[in-house]
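[1] build me a model from this:
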Amino acid sequence: MEKTVTITSASGLHARPAAVLVKEAGAFKSTIKLVKNGKEVDAKSLLGVMSLAAKQNDEITIRAEGEDEAAAIDKIAEIIATLS
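    Numbering: from 1, shown residues only. Model prediction:
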């Protein structure tokens, strides 16, 4: 499964929300990847998520595979939608 979301926060996906995202992703059994401009990273890796350097208006595709993939995608999309 996958879902594409747009970062609306003016500060983008900076360190604090990235840490929250990684922590939440770690709670799921599914493999979760984030993709930006063809670069794919593990959503459970803080360095990976930070390496995307996602800014306001960037599109991120969330890909998940596993038994709780739908819940994982919904939760990660929710976190990205509520970045501050």
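[2] what's the single longest helix in the chain?
    Ranked by residue count and defined by DSSP state H, the top helix of the chain is helix 69-81.
[3] buried residues in it, which are they?
    Using 16 or more other Cβ atoms under 10 Å as the burial criterion, the residues of helix 69-81 that qualify are 69, 72-73, 75-76, 79-80. Glycine gets a C-beta too; all of them are placed from N, C-alpha and C.
[4] look up how far Ala53 lies from Lys29.
    Noted for Lys29: a distance of 28 Å to Ala53, by Cβ to Cβ, to the nearest Å.
[5] how far does the longest helix of the chain sit from the chain's center?
    Centre-to-centre, helix 69-81 and its host chain are 8 Å apart (Cα atoms, centre = their mean, to the nearest Å).
[6] and it, what does it pack onto?
    Judged by 3 or more Cβ pairs under 8 Å, 6 or more residues apart in numbering; DSSP states H and E, helix 69-81 is in contact with strand 2-6, helix 15-25, strand 31-36, strand 59-65.
[7] what's the last one in contact with?
    Contacts to strand 59-65, defined as Cβ atoms under 8 Å, 6 or more residues apart in numbering, come from residues 1-7, 13, 28, 30-36, 40, 43, 52, 54, 70, 72-73, 76-77, 80.
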